[in-house]
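Undergrad: Okay, predicted coordinates and the sequence, questions at the end:
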Amino acid sequence: MAKQNIYDNDKFYEYFKDQRMNDINFNDVIETPIITGMMPDLKDKRILDIGCGMGQHAIQYANSGALSVLGIDISEKMLGYARENNSAPNITYRQMAFEDLDRLNERFDVITSSLAFDYVEDFSKLMKVIYGLLDKNGVCVFSMSHPIATAYDGVYDRYTRTAEGERLYANLHNYGIEGVRHIHWIVDDYEVYHRKLSTLINDIAGAGFTIEECQESKLPDKMIKEHPDVFGGVIHQPDFIFFRCRK
């Protein structure tokens with residue numbers, strides 16, 4: 001199974017870090033409030049954060065009373081930032097690809113992931129491994145790019161726009177063709193995997209999970225109006241999808 005490590009690319013990492021340092025970004029403005037609202041009570045819980053990146057979520061969970069947080073990521077650069085800027089006594093960071101999760105001997109009360117599952121080739125296997133790592137009645141909460149967003153293959157523009165650049169509507173192309181997408185985003189040959197919504201649901205259920213909640217990207221109208229260049233597409237297509245699943 002392929003293991004993509006795009007975040008150790010210098011150009012990609014520096015761009016991503018700069019974006020996260022900006023107060024107006026998709027992660028902090030859209031993704032974090034939704035996934036945080038879907039999390040169970042974390043007090044005294046053992047948490048696994050898959051694709052923990054720079055550790056922003058891990059430190060949030062640690063400060064919410066978690067007994068322990070294990071953050072794993074394939075990227076040395078991201079883990080280096082996490083250890084330097086988002087460390088706590090109850091957080092452990094470990095370099096590991098999610099393709100190697102089945103090597104873990106630990107068990108967890110909560111497993112979570114923020115926008116990392118776009119990179120997994122075998123989503124069905126991943127969900128089964130996560131199911132096995134959870135204790136009885138454990139919860140998995142994760143976000144990933146919405147299937148409408150991952151359908152984009154670079155052939156056409158994502159949006160049809162006015163002459164002034166205002167987004168009129170989103171263009172959907174080849175949604176029904178699943179598999180890897182190679183596109184240009186910051187660097188050439190950025191790689192994500194596209195799956196239909198039904199595939200995601202069936203793979204989650206097939207692993208044994210009960211889906212308790214599903215959310216899609218949302219944002220107050222005020223924020224969209226104040227930052228149309230950044231968030232103007234939110235009303236046309238959801239960028240992210242969120243699931244809370246119980247074992």
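TA: Sure thing, it's come through. Residues are numbered from 1 along each chain as shown.

Undergrad: in this protein, which ranges drop under the pLDDT threshold?
TA: Applying pLDDT under 70 to the chain flags residues 1-10, 12-13, 15-22, 24, 26, 184-187.

Undergrad: try 90
TA: Low-confidence segments of the chain, defined by pLDDT under 90: 1-30, 78, 98-99, 152-159, 164-170, 182-192, 218-236.

Undergrad: in it, which spans are helices?
TA: Secondary structure of the chain, counting by DSSP state H: helices at 10-21, 26, 32-38, 56-63, 76-85, 123-133, 147-150, 197-206, 221-226, 228-231.

Undergrad: quick check: longest strand of this protein.
TA: In the chain, assigned by DSSP state E, the strand with the most residues is strand 134-145.

Undergrad: Quick check: can you name the pairing partners of that one and their directions?
TA: strand 108-114 (parallel), strand 240-246 (antiparallel) (DSSP bridges).

Undergrad: Can you give the distance from the last one to the centre of its chain?
TA: Strand 240-246 has its average C-alpha position 10 Å from the chain's average C-alpha position, going by CA atoms, centre = their mean, to the nearest Å.

Undergrad: Can you pull the phi/psi pair for the residue of the chain positioned farthest from its centre?
TA: Here the chain reaches farthest from its C-alpha mean at Ala163, the gap being 33.2 Å by CA atoms, centre = their mean. The phi and psi values for Ala163, taken as degrees, to the nearest 10, are phi -60, psi -30.

Undergrad: Same check on the one 3 residues further on?
TA: Here the main-chain torsion angles of Glu166 (degrees, to the nearest 10) amount to phi -70, psi 140.

Undergrad: out of everything not next to it in sequence, what's closest to it?
TA: With sequence-adjacent residues excluded and distances taken as CB to CB, 6 or more residues apart in numbering, Glu166 is closest to Gly232, at 7.0 Å. To be clear about C-beta, it is placed using only N, CA and C from the backbone, and glycine gets the same treatment.

Undergrad: How about Tyr190?
TA: Ile183 (5.5 Å).

Undergrad: same question, Arg103
TA: In space, Arg103 is closest to Met96, 7.7 Å off (CB to CB, 6+ apart).

Undergrad: quick one: contacts for the nearest residue to Ile148 once chain neighbours are set aside?
TA: Nearest residue to Ile148 in three dimensions, chain neighbours excluded: Gln237, at 5.0 Å (CB to CB, 6+ apart). Gln237 makes contact with 146, 148-149, 158, 170, 172, according to CB atoms under 8 Å, 6 or more residues apart in numbering.

Undergrad: Okay then, goodbye and thanks.
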